[in-house]
Each structure stands twice: as structure tokens, then as C-alpha cells.
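Student: please work out how this folds:
(2 chains)
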Amino acid sequence: MILNTQKFLLKNLKNTRKLLNIRLLSTVGDEKYKGNYDVIIAGGGMVGCTLACAMAKNPLLSSLKVLLLEGSPDKKFELKPEYSNRVVALSQNTKLLMSSINVWQHVENMRLQPVRHMQVWDACSDAMISFSSSEILDDDVAYIVENDVLLHAVNTELNKTNNKNLDIVYGAKIDSYKLPTSTDRELKSLVKLANGDAYSCQLLIGADGANSAVRRAMGVQYVSWNYKQMGVVATLHLAEETENTTAWQRWLPTGPVALLPLDSKRSSLVWSTWEENAKELLKLPEEQFVDALNDALWKQYPRSSAVDACMSWVGGCLRGAGLADGAARQLPPSVRGIAPASRAAFPLGFGHSTRYVAPGVALVGDAAHRVHPLAGQGVNLGFGDIKELTELLADTVYTGFDITHPDWMRRYESERQKHNVPTQLAIEALHRLYTVDFPPVVLLRSIGVQVTNALQPIKKFVMAHAAT
Amino acid sequence: MSSAVLRMPWLAYQKIFNKTIASQTRLLSSVNAVKKDDVQTITTVDKSDVEFFSNQMNHWWELDGPLKALHSMNLIRIPFVRDGLVQCSPAERNLSPLRDKKILDVGCGGGILSEGLARLGATVTGIDASKDLIAVAEAHKVLDPRIENNKPTYYNITIEDHISKYSNYYDAVVASEVIEHVNNQELFVKSCVQALKPGGRIFFTTPNRTRLSQLLVIYLAENVLKLLEKGSHQYEKFITPNELTFLLERNNCHVESVYGILYHFLANSWEFVRAQSLMYAMQAVKLN
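Tutor: Predicted structure coming up:
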């Protein structure tokens, strides 16, 4: 028995020595090795910065040494009177997250527009659905915030925390990632930059967008397709000054055109359409573009009389049952002009990473999932990831486990996929359902929308899911 | 012994039950049982169990080894002990919630739980009846840099001997997956409580004694799924929540909470559940 004990001790000693060797190698091996971190966040966009901020504000996570790698240079932000053409619709849950880390007050100090009413209607039939604040305890349906305003708000708070454990490298061009394999858990992730600098970390978080290099290094299966559509964005000047707290979305056979309120006279456009069409729209002179847009909002599309007949019959039934028949609707605003040089287009695609985690690596935001902007959910899913990840990581640290413990990573993946995948599929289904004008499909979706609009519990469920 | 039997009808039941099983199946084991009975009055140590676990010393710290379920069990038993001792809102949490808490890990084995608690700042003492396992624990405690300044202290001693020096001493006593391996559970609980300060808390995790736990914890886990080595548990030594509550309350403790425990063997993860028929965790406070 004593012999056994001695053997065991010896074996352990050898292991310790091996460990030390690895550590020595990793510090001496690379000349431009710049240091080891607990966590490296690859990507300093809205999601990556929010993660860094949430970690810096968390009493359990603020002592972790964190490195944030951002590809673009450090730009000075100033709030211009003209709105940026890239905006996001933030859900109530995102607002909660931002409030909990004190970011929301900075957004409010700059600018945001609450959405208190939302109207979505079909160009091929009379189907209409509306969501309103009065249906969710008078809470706002969403908030329209410019991307760079949100990013600046997050960075403002991040700087205010003055966390000595956080380093940020701007203009970081990634050369390669070397991830640990599942067999040697002691090994760390190595990040090499194009300028030769190298960093190592225990936990690598890929917040590097839809084209994630971290995800590629993980070698996970990525289900993706291109919609062959583009989102045309612009800042619009409306014909009339209104309260403007309504978000409008009309389903055209080519895709949805959406007007998101910015202030009393301006709205932001997101017009999803086929690539060729989008490119033509970009080339049009501004006045013609405005005409095309007003057409998209107002023009009567060819309709099937059979669909119309069925719809009015369903409407009659709903009225008979004392429910909303969807006939009462508000009229969308007319567009007077667009802000100069505010037109742009970006490609739309679907993406789903089958794994969000690997030993010592996790994906957040668009790196893990990408959706069509038709429901304004993309970035909210990313912020949901951040909330879940920081909570689970804080819990892990509070229990005394390593930050790479497989249990929290497994839970992060399953919790987020449970939420993200159904959302992605629902958005995908909507997209497919609405890019056809085949009358039976139009009829089906129209009745579906009309009935959903009439039945409050279903509507509330949809709103509750979109808010989380 | 007979007085104990009189006071505790379930013990009598257990004895009769043991004997019927033994007589039905193996003569040998009934001989062992008689031998054990002889030493029961003076010690809680079950020699065969100590030997059984000592034989696993070389695999004790393999995360995917034969004791992997014991490693992953830290996922629930550390929060169980932590939250039983310290309750605070998320904003007040810190990295050493158990700082200044003196914790006794009874039956610490190779120190899996002791080191986990030490990582949270607790001053941990681990005791075990197995000399080999204490050697394993001693050897392993130097490996984790996170407990460099807060290594647990290990003693190869029984609980009844330990309390001769450390009576009314600890803020918490933890006996995780231990009481089902000791002889004379009555003396064991009494000694554990004696080590506690008044107001201190005692934590148990153990399988329940039900037909379901016999089927899953012993038969399925040992023979079919091979999660545990054969012979890890004996059904007769399992104790029910009622019996344990009874023992604790007789020793001036108030049971504060009982949770059911569920093990997901595919995911190697643990969960607190409502149903206590398989395994359970019990927390009690020592009254003044």
C-alpha cells in the first residue's frame, strides 16, 4: 500500500513538471508573445463590447483579465444632427440588459425613438396585424437606436468602469486562431495577429460576426444560405410631422419594406428585396427612389378575387364572434425625400452554427446565428446570448470552478439554442411564406395573420417571445 | 445495542432485513455482518468500505475516471453548502464567499469536495478513515494554484476520535456520500453534530433507501451502466430522509431543507429536483 502511495505521488510530480513545461514553452516560444489573458473577446462590435462591459460591471467577473480585439481603428464618436442609416430595433429584454449595466441612460442621453405601435400588412391581400403598447401593460414595443449610438453608449460605460483588467486592441487584424483540442484541456487558445503579436487565453469568445473566424477555427458545422436579397437602408424625411412612434412594415412579393421611426419627421428605411432590384434602387436618382418607395408603400398589387372573398368571409366570422376583424387600420406615412447619401445596401443571409461552444471557446451573436432582418431580431438574439453567458459564467466563478468548465458552456449552448433556433425558424418560415404570390399560399398566410391578430393570447405570446 | 434497537424501530427493521437477505443469499456475508456488529459500538468505520475506496486511489482525480460522477457532483453540492452558509444578492457576491468559515469534510476521500470548498475561501479540514486516500488528498492539494494559500488540512482519523480535540469547533460539517458507507449511523451523526458550533450547519448528501434507488443506484449504476465500481453501495446501509431527520433532531438539530437529487448519466450532470426517492441532500442547523 505504501509503495502504491509513493508511485502515485511520483506520477503526480511528473504531471506538475509537465504543466510547468507547457507554461514555460508558451511564454518563451514566441518572440512577440504579448501575454496571457483569462478571456479574449474577438470582435468589438455591439455584442462584443456589451459582453466586455457586462463582465466589467459584474462583481464576480470584473477581476478576470480580459482582452478585447477590435478590427477597426478607434474612431472618435460625435453625435451628428443627421441620423445614421444603420439602426437596430431593441427589445424590452435588451433594454433590461442595457439598464442593468447602466448603458441605457447613455442611449437616452443621446437619442432613441420608442416604438409604441407596429403595423404589418400584406400587399397581396387585406391581411393586417398590429402590435401595440396597450397590449403589453403599456410598455414600449421596441426602441429604434442607431448602431453607432448604442456602441458609443456601451463604450462610454466601459471606459467609466476604468477596469484595469481590461485591455483593448483596436485595428487588430487576426492572422490565426489555435484552439485547444478536447484531449488536452490544459492547453490554451492562441491568437495571432497579422502584425505578429500573439496572445493566449483560457476562454476565447467569438463575437466576430456572421463571417466568424473563430467559428471557422472551431471547425463546427455551419448551416447557411444566402437569400439573394439585400437590405436597402436610408434615412427618410416624412411628408408630415407626426408623433411618429409607429413601425410600419408592408410585405411585397419581393420582400418586406419597413419604416422605423427616428423622430417626429424622420424614419429609417429597411427595404429587403432581390439583389438586382436592390442594386437598381441604389442607382436611381433620389427623387425616383422616393417615388419607388412610395409606390412600395401604397401601390395596389394585383390581387386574387378568391382570396379577397375568403378574407372578407373570415373577417365576417371574426366580427360575428366579437373579435377584431383587421379592417381598422392606420395609413402609413408618405415619404417626402431621403437624407443625402444615406442610401446603402447589405446582403441578407441565414446562418446557424450547430455548436456554440467547444473546449475553451464560445460563440455569441451573429457568429453563432444570423437571421433575416424582417423581424428586427438579429441583434436582440445576440444580446440574449450575452445575458445568458455572463449569468452562467458568474455562477461558475461563484461556485469556484474554472471559467472553461464544460458544464456552464454546455448549458449556455442548450439554453441559447432553445431560444434562438425556434426564432430563426419562425423568421425563416415568414420569409418563405411571404416571398410568393401564389393565391393559395397568400390565402393561407392571410387567414393566419387575420386570426392571429384577432386572438389576443396568441398575439401576446408572439410579442413575449420577440421581447426575450 | 438492544437499547438502540428499542429506541429506533427502523434499526430493528434493518437488522431483521439484513439477516433475511443474508440468510437467503450468502452465508459469508452474514458472518461479516456479525463481525461488523461487534465493532459497531466503538467505531463508525466500515473496514471493507474503506478498503474498497482505498483501492480506487489511483483513479481518484481522473475527471473521466471511475469517480467522474463524484467530480461532477461538485456542481450541485458546492452551491448547496455555499448557499446554506452564505446568502447574498448577486450584486454583493464575491470570489471567496466562504472566507472565515471553518468546514469539516467528513469522509473527504481524495479531497474532491474539500478542494472545491477551499477554492471558495473556506478553511477546510478533511478527515478520512483511509490512510491511502488521505495520502492522495495530500498529494493533490499542492497541484491547484488557486488554493496555494488556502490548502485543506487532512487527517487520517475517524470522526469520533476527531471530536475529542475539535468539539463545538466548525461552522459547517459536510458529509457528502458518506453516511451510506459508515457503521453505526447513530454514532456518526452524533459525532458530526458534536464537531459543530452551536448555530453551525450540517450538510448531508446520500442515496435514499427505496426500491427505486436499489434498482438505479446499485443495480443499474454498478452492473449495467458501470458508472460505479461493483460493490460501491449496500442497500441495507442506505438511510431514508425520515431516519436522518430523526437522528439529527435527536441531536439537537433543526432540519432546514431537504432536496431530491437527480443524476443525468449521459450528460454527467446533477440537478436538484423535488422527488427524493433516489438521492437527497439535507441541511440542518445545530440549535443552541
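
Student: low-scoring stretches of the chain, by residue?
Tutor: The chain I'm using is chain A. In the predicted model of chain A, residues A:1-31, A:136-137, A:182-187, A:467-468 satisfy pLDDT under 70.

Student: not quite, I wanted chain B
Tutor: Residues of chain B that meet the cut-off, pLDDT under 70, sit at B:1-41.

Student: flag every residue of it that's near chain A.
Tutor: B:54, B:57-58, B:72, B:74-75, B:78-79, B:82, B:90-95, B:97, B:116-117, B:119-120, B:131-132, B:135-136, B:139-140, B:142-143, B:146, B:267, B:269 (Cβ under 8 Å from any Cβ of the partner chain). Where C-beta positions appear, they are placed from N, C-alpha and C, glycine not excepted.

Student: generate the ChimeraX command that creates a selection of the buried members of those.
Tutor: Of those, the buried ones go into a single ChimeraX selection, burial set by 16 or more other Cβ atoms under 10 Å in any protein chain shown:
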select /B:54,57,58,72,74,75,78,79,82,93,95,97,116,117,119,120,132,135,136,139,140,269
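
Student: which residues touch the residue in the stretch 201-350 of chain A that chain B sits nearest to?
Tutor: Nearest residue of the stretch 201-350 of chain A to chain B (Cβ to the nearest Cβ) works out as A:Gln202 at 12.5 Å. The contact partners of A:Gln202, taken as Cβ atoms under 8 Å, 6 or more residues apart in numbering or on different chains, are A:Tyr37, A:Asp38, A:Val39, A:Lys188, A:Ser189, A:Gly360, A:Asp402, A:Ile403, A:Thr404.

Student: helix, strand or coil for it?
Tutor: strand (DSSP: H, G, I helix; E, B strand; the rest coil).

Student: taking chain B, what residue is nearest to chain A?
Tutor: For chain B, Cβ to the nearest Cβ, closest residue to chain A: B:Arg119, 3.6 Å.

Student: quick check: chain neighbours aside, which residue is closest to that residue?
Tutor: For B:Arg119, ignoring the flanking residues on the chain, the nearest one in space by Cβ to Cβ, 6 or more residues apart in numbering or on different chains is A:Gly400 at 3.6 Å.

Student: for A:Leu281, same thing?
Tutor: Closest to A:Leu281 by Cβ to Cβ, 6+ apart is A:Val232, at 5.3 Å.

Student: the helices in the stretch 1-150 of chain A, which residues?
Tutor: Secondary structure of the stretch 1-150 of chain A (DSSP state H, counting those that start in this stretch): helices at A:2-28, A:46-57, A:92-100, A:104-109, A:147-161.

Student: what residues does the third one touch?
Tutor: With contact meaning Cβ under 8 Å, 6+ apart, helix A:92-100 is reached by A:50, A:54, A:90, A:104-105, A:107, A:139-140, A:142-143, A:153, A:379-380, A:383-384, A:386-387, A:467-468.

Student: also stretch A:168-181?
Tutor: For stretch A:168-181, using Cβ under 8 Å, 6+ apart, the contacting residues are A:42, A:44, A:52, A:67-74, A:186-195, A:197, A:204, A:208, A:213-214, A:217-218, A:358-361.

Student: CA atoms of it as CSV?
Tutor: In CSV, the C-alpha atoms belonging to stretch A:168-181 read as follows (Å, rounded to 0.1, in the frame of the first residue of the first chain):
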residue,chain,number,x,y,z
ILE,A,168,-8.5,46.7,-25.8
VAL,A,169,-6.5,46.4,-29.0
TYR,A,170,-8.0,48.4,-32.0
GLY,A,171,-7.1,47.7,-35.6
ALA,A,172,-6.4,44.1,-34.7
LYS,A,173,-6.3,42.0,-37.8
ILE,A,174,-6.5,38.3,-36.9
ASP,A,175,-3.9,36.1,-38.5
SER,A,176,-4.9,32.8,-37.0
TYR,A,177,-6.5,31.1,-34.0
LYS,A,178,-5.1,27.9,-32.5
LEU,A,179,-7.7,26.3,-30.3
PRO,A,180,-7.1,23.6,-27.7
THR,A,181,-8.3,20.1,-28.6
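
Student: Provide the secondary structure category for A:Thr396.
Tutor: helix.

Student: count the neighbours of it for me.
Tutor: Per other Cβ atoms under 10 Å in any protein chain shown, the neighbour tally for A:Thr396 reads 22.

Student: got a list of what the residue of chain B closest to chain A touches?
Tutor: A:Gly400, B:Asp144, B:Arg146, B:Ile147, B:Asn150.

Student: ok, the first one touching B:Ile78?
Tutor: The one in question is A:Gly400. Yes. Using Cβ atoms under 8 Å, A:Gly400 is in contact with B:Ile78, at 6.3 Å.

Student: joint contacts of those two?
Tutor: B:Gly116, B:Leu117, B:Leu120.

Student: follow-up on the earlier one: using the three-state scheme, assign the residue nearest to B:Arg119.
Tutor: Per three-state DSSP, A:Gly400 ends up coil.

Student: do A:Gly231 as well
Tutor: strand.

Student: tell me what it is bridged to.
Tutor: For A:Gly231, the beta-bridge partners under DSSP bridges are A:Ser272, A:Phe346.

Student: generate a ChimeraX selection restricted to the buried entries among the contacts of helix A:92-100.
Tutor: With 16+ other Cβ under 10 Å as the criterion, this ChimeraX line picks the buried residues out of the contacts of helix A:92-100:
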select /A:50,54,90,104,107,140,142,143,153,379,380,383,384,386,387,467
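
Student: thinking again about what came up before, output the contacts of A:Gln202 in TSV; the columns should cover distance to chain B and neighbour count.
Tutor: Putting the contacts of A:Gln202 into TSV (distance: Cβ to the nearest Cβ, whole Å; neighbours: other Cβ atoms under 10 Å in any protein chain shown) gives the following:
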residue	distance to chain B	neighbour count
A:Tyr37	16	24
A:Asp38	12	18
A:Val39	15	24
A:Lys188	15	24
A:Ser189	19	25
A:Gly360	15	22
A:Asp402	9	17
A:Ile403	12	17
A:Thr404	13	23
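
Student: now, which of these sits nearest B:Glu186?
Tutor: Closest approach between the contacts of A:Gln202 and B:Glu186, by Cβ to Cβ: A:Asp402, at 39.8 Å.

Student: excluding chain neighbours, what is closest to the residue of chain B positioned farthest from its centre?
Tutor: For chain B, the C-alpha farthest from the mean C-alpha position belongs to B:Ala91; by Cα atoms, centre = their mean, that distance is 32.3 Å. What sits nearest to B:Ala91 in space, not counting adjacent residues and going by Cβ to Cβ, 6+ apart, is A:Pro59, at 6.6 Å.

Student: for the one you found, the count of nearby residues, please.
Tutor: Quick note: A:Pro59 (other Cβ under 10 Å) scores 14 neighbours.

Student: check A:Arg86 too.
Tutor: Around A:Arg86 there are 16 residues (other Cβ under 10 Å).

Student: and the residue nearest the centre of chain A?
Tutor: By Cα atoms, centre = their mean, the most central residue of chain A is A:Val379, 1.6 Å off.

Student: these two touch, right, that residue and A:Leu90?
Tutor: Yes. The pair A:Val379 / A:Leu90 is scored as a contact, 7.5 Å apart, by Cβ under 8 Å.

Student: what strand or helix carries B:Gln194?
Tutor: helix B:185-195 (DSSP states H and E).

Student: next SSE downstream of that helix?
Tutor: Helix B:185-195 is succeeded, C-terminally, by strand B:196-207 (DSSP H and E).

Student: separation between the nearest residue to B:Asp46 once chain neighbours are set aside and B:Ile147?
Tutor: Leaving aside its sequence neighbours, B:Asp46 sits nearest to B:Asn183 (Cβ to Cβ, 6+ apart; 4.8 Å). Taking Cβ to Cβ, to the nearest Å as the measure, B:Asn183 falls 32 Å from B:Ile147.

Student: what do you get for B:Leu196?
Tutor: From B:Leu196 to B:Ile147 the distance is 24 Å (Cβ to Cβ).

Student: what do you get for A:Ala464?
Tutor: 45 Å.

Student: for the two, indicate the residue with more neighbours.
Tutor: A count of neighbours by other Cβ under 10 Å puts B:Ile147 above the other of A:Ala464 and B:Ile147, at 22 against 12.
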